[in-house]
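In: Just a sequence and a predicted model for now, questions to come.
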Amino acid sequence: MMVGAEDEENLAIRYLGAVLKKAGHEIVINPCSRYEDFEKTLWQVNRFCPNLIGISIAFQSLALMYFELAKKIKESLPDIHIIIGGHFPTFEYKKILETQKSVDSVGRFEGEKTMLELAEFLLKKRSINQISNLVYRNGTEIFENECFNDFPSLDDLPWPLRERNPQVRLDEKFATLISSRGCWHSSCLYCCIGAFHSKKPVKFKLRSPKFVAEEISHLFHKKGVRFFQFHDDNFMMASKTATIERLKELHEWLTKYSIPLQEIVFLIKARPDTVDEEVVGWLKKIGTIGVFLGIENASETGLMALCRRTNVSNNQNALLTLQKNGVSATYNLLIFHPKATPDEIRENVKFMNSFDVFPYDFGRAEVCAGTPLECMLKKENKLKGEWPNWDYEIENEQVNRMCQIYKKTFRDKNTAYGYMVHLTIALGYNAKLIERLHPGTIQINLTNEAERLIININKFIGKQVSILSSSLDRNWKEKEISEFRENLGKGCKERIKLMEDINQKITNLVSAEHIFSKFGIEQKTQKVLNYLSNFNLLQKYD
């Protein structure tokens, strides 16, 4: 049984499951993203009674939750072998095995070979000390097997295990996939992904465009999937020439597999320094409607401190190019980091208030296991908090004060800020999805309505962050913090309601078009809906 967080397809556990199934093992994929999923997970464990449970910890923040799950599984079925893997366990394997008695072993780095060999061990076909990348406990001792830190051949892997019926988003069938593993940059201060791959002989491994297109073809032609999200950490190559060549080849193979490109949409991730007019032109040709752009900071000193190897000009040019070409973007700003200065904060706040077209979030660079940030804070004796949820204080007193207020307000669940941002990002992509797959008069009005609301939300966030930045110059009293949090929460909840209304309209439109398409008259859907008096299209935002 493979267990992991899955709000969308978890390719980590689904690739491992596919490899095990190909070898003849019976596999169950069990999503478990929150404590509320424990009851269903434990029921599934007792029903399936597996010999082996693999738990993927993709997010360090969920580590304690999965340790608790392992404990509950062992209380019910103590003889099950539980292995955990992922970025966090790869680096913290010793502490995990010393403190978590319900965890029998840890798989480090890439897991396909480890899981196959562990299954053979449980079938008494192999000795435990012959399992690659395994760290295990025997009595009170911990043993580390030989570690091979390299990628498998991605083209030789079976496709990830998928449910019979695809996931659905916005009433469109949806799937996740990868065209690569790793990151050719792998040097960012805070990034667990870079840390995970940085010691590999090659930090970045590609699938052949032919095999990527073949998987897309299967999902499109056999399962009706039209909405694809690539989970590559960098969809683009390190050079523009290589990027263009790869996009052209992918375009060629998609065409050879008879995939009508006007009927599919892609979401990808990219660095700003890989985006220009020609690249975006090819991204649009293959169906890209949205890019999660690695902006990370809007100041030169901040980008340097985060080891991004990009500059403010790269960030601005990428956003303007995507906007000009009608591709949606979302991004994050890590304005708080150990060396952040008041001037950096002010530059980022200015950026938030000057570029309000695309959804964004902002926050702090968190400490992940194995990262240069963790190493730096340990070396400087500045790592605080309790394992595995480490903390630190920002060196500049003014910025640290602002960050503490930020955590008490923007990150207070009662303000609903996080949920608002999540909805805003989804709304940006939804507006572009219907523009490509469901064009028409109603779509135009809904897309315009969504884009106006996104600008309204961004102006609201920018204004609130500007108010928050006044704490750089003076202390805020608790009453002022409380009032700010209350006003922030009120504004967020008002906008959440507006977004939910628009998303419902968009979903209704897509659903109607699917219904009409069954009768071969989808082209007339929006003309008919225009006559429906209760279909409220226009709404103004100040």
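Out: Looks like it arrived, so ask away.

In: Was I right to think residue 27 contacts residue 158?
Out: No. Taking contacts as C-beta atoms under 8 Å, residue 27 lies outside contact range of residue 158: 11.5 Å. Using the backbone N, CA and C atoms, a C-beta is placed for each residue, glycine as well.

In: So for those two, which residues contact both of them?
Out: Common contact partners of residue 27 and residue 158 (C-beta atoms under 8 Å, 6 or more residues apart in numbering): residue 21.

In: Settle it for me: which of those two has more neighbours?
Out: Neighbour count, other C-beta atoms under 10 Å: between residue 27 and residue 158, residue 27 has more, with 21 against 14.

In: For residue 136, grab phi and psi.
Out: The phi and psi values for residue 136, taken as degrees, to the nearest 10, are phi -140, psi 160.

In: Enumerate every residue touching the closest residue to it other than its chain neighbours.
Out: Spatial nearest neighbour of residue 136, chain neighbours left out: residue 105 (4.0 Å); criterion: C-beta to C-beta, 6 or more residues apart in numbering. Applying C-beta under 8 Å, 6+ apart to residue 105 gives the contacts 81-84, 97, 118, 134-137.

In: Which pLDDT value belongs to residue 105?
Out: If you check residue 105, the pLDDT there is 98.

In: Show me what counts as buried in the host helix or strand of residue 423.
Out: Under the criterion of DSSP states H and E, residue 423 resides in helix 417-437. Within helix 417-437, the residues that count as buried by 16 or more other C-beta atoms under 10 Å are 417, 420-421, 423-437.

In: which is the next helix or strand following it?
Out: Next helix or strand after helix 417-437 toward the C-terminus (DSSP H and E): helix 441-468.

In: Give me the packing partners of whatever helix or strand comes next after that following helix, helices and strands only.
Out: Downstream of helix 441-468, the first helix or strand assigned by DSSP H and E is helix 478-517. Secondary-structure packing of helix 478-517 (3 or more C-beta pairs under 8 Å, 6 or more residues apart in numbering; DSSP states H and E): helix 397-409, helix 417-437, helix 441-468, helix 525-529.

In: By mean pLDDT, show me the worst of the ones you listed.
Out: Looking at those, the bottom one is helix 525-529 with a mean of 70.

In: sorry, back to before: export the helices and strands packed on helix 478-517 as a markdown table, with columns for distance to residue 251.
Out: Formatted as a markdown table, the helices and strands packed on helix 478-517 follow (distance: least, C-beta to C-beta, whole Å):
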| stretch | distance to residue 251 |
| --- | --- |
| helix 397-409 | 43 |
| helix 417-437 | 16 |
| helix 441-468 | 25 |
| helix 525-529 | 29 |
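
In: hey, where'd the strands end up in the stretch 101-250 of the chain?
Out: 105-107, 134-138, 141-144, 167-169, 172-177, 180-182, 204-206, 227-230 (DSSP state E, counting those that start in this stretch).

In: Tell me which residues of the third one come out buried.
Out: When you say that, I think you mean strand 141-144. For strand 141-144, a neighbour-count test (16+ other C-beta under 10 Å) marks residue 142 as buried.

In: who touches that strand?
Out: Here strand 141-144 has contacts from 93-94, 97-98, 129, 135-137, using C-beta under 8 Å, 6+ apart.

In: out of the residues you listed, which are buried?
Out: 93, 97, 135-137.

In: Confidence-wise, which of these comes last?
Out: Lowest confidence among those: residue 137, with 95.

In: Span of stretch 410-426 from start to end?
Out: 19 Å (C-alpha to C-alpha, to the nearest Å).

In: how distant is that stretch from the center of its chain?
Out: Stretch 410-426 sits 16 Å away from the centroid of its parent chain (C-alpha atoms, centre = their mean, to the nearest Å).

In: what does stretch 124-131 give?
Out: 35 Å.

In: quick one: buried residues of that stretch?
Out: Those buried within stretch 124-131 under the rule 16+ other C-beta under 10 Å are residue 131.

In: Residue 49 against residue 79, yeah?
Out: No. The pair residue 49 / residue 79 is not scored as a contact, 9.8 Å apart, by C-beta under 8 Å.

In: which of these two has more neighbours?
Out: Set residue 49 next to residue 79 and count neighbours by other C-beta under 10 Å: residue 49 wins out with 11 against 7.

In: can you pull the pLDDT of that one?
Out: 95.

In: and among the strands of the stretch 101-250 of the chain, the most buried is which?
Out: strand 105-107 (a mean of 27; mean count of other C-beta atoms under 10 Å).

In: leaving aside the residues next to it on the chain, what's closest to residue 400?
Out: Looking at residue 400 with C-beta to C-beta, 6+ apart, the closest residue is residue 394, at 3.9 Å.

In: In a strand, the one you found, correct?
Out: No. Residue 394: not assigned to a strand; according to DSSP: H, G, I helix; E, B strand; the rest coil it is coil.

In: Now do it against residue 205, distance only.
Out: To residue 205, residue 394 is 36 Å away according to C-beta to C-beta, to the nearest Å.

In: tally of neighbours for residue 448?
Out: With other C-beta under 10 Å as criterion, residue 448 counts 14.

In: How much space separates it from residue 319?
Out: Taking C-beta to C-beta, one finds residue 448 at 20 Å from residue 319.

In: And residue 36, by the same measure?
Out: From residue 36 to residue 319 the distance is 37 Å (C-beta to C-beta).

In: higher neighbour count, those two?
Out: The residue with more neighbours, out of residue 36 and residue 319, is residue 319; 22 against 8, by other C-beta under 10 Å.

In: wait, that one sits on residue 293?
Out: Yes. The pair residue 319 / residue 293 is scored as a contact, 7.0 Å apart, by C-beta under 8 Å.

In: Identify the contacts common to these two.
Out: Common neighbours of residue 319 and residue 293 (C-beta under 8 Å, 6+ apart) are 272, 329, 331.

In: Let's verify the second one: helix, strand, or coil?
Out: Counting by three-state DSSP, the backbone at residue 329 sits in strand.

In: check contacts around it.
Out: 290-293, 318-319, 322-323, 358, 428.

In: can we see that at 7 Å?
Out: Applying C-beta atoms under 7 Å, 6 or more residues apart in numbering to residue 329 gives the contacts 291, 293, 319, 322, 358.

In: what does the first one give?
Out: Contacts for residue 272 (C-beta under 7 Å, 6+ apart) come out as 293-295, 310, 314-315, 318.

In: try the last one
Out: Applying C-beta under 7 Å, 6+ apart, one finds that residue 331 lies in contact with 293, 295, 358, 360.

In: Please flag which of those sit within strands.
Out: 293, 295, 360 (DSSP state E).

In: Low-confidence regions, this protein specifically.
Out: Applying pLDDT under 70 to the chain flags the ranges 522-524, 527-542.

In: thinking again about what came up before, JSON lines for the strands of the stretch 101-250 of the chain, including distance to residue 490?
Out: Formatted as JSON lines, these follow (distance: least, C-beta to C-beta, whole Å):
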{"stretch": "strand 105-107", "distance to residue 490": "46"}
{"stretch": "strand 134-138", "distance to residue 490": "50"}
{"stretch": "strand 141-144", "distance to residue 490": "52"}
{"stretch": "strand 167-169", "distance to residue 490": "29"}
{"stretch": "strand 172-177", "distance to residue 490": "33"}
{"stretch": "strand 180-182", "distance to residue 490": "43"}
{"stretch": "strand 204-206", "distance to residue 490": "46"}
{"stretch": "strand 227-230", "distance to residue 490": "33"}
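
In: roughly how far apart are residue 103 and residue 65?
Out: 13 Å.

In: oh, I was asking about residue 299
Out: Per C-beta to C-beta, residue 299 is found 35 Å from residue 65.
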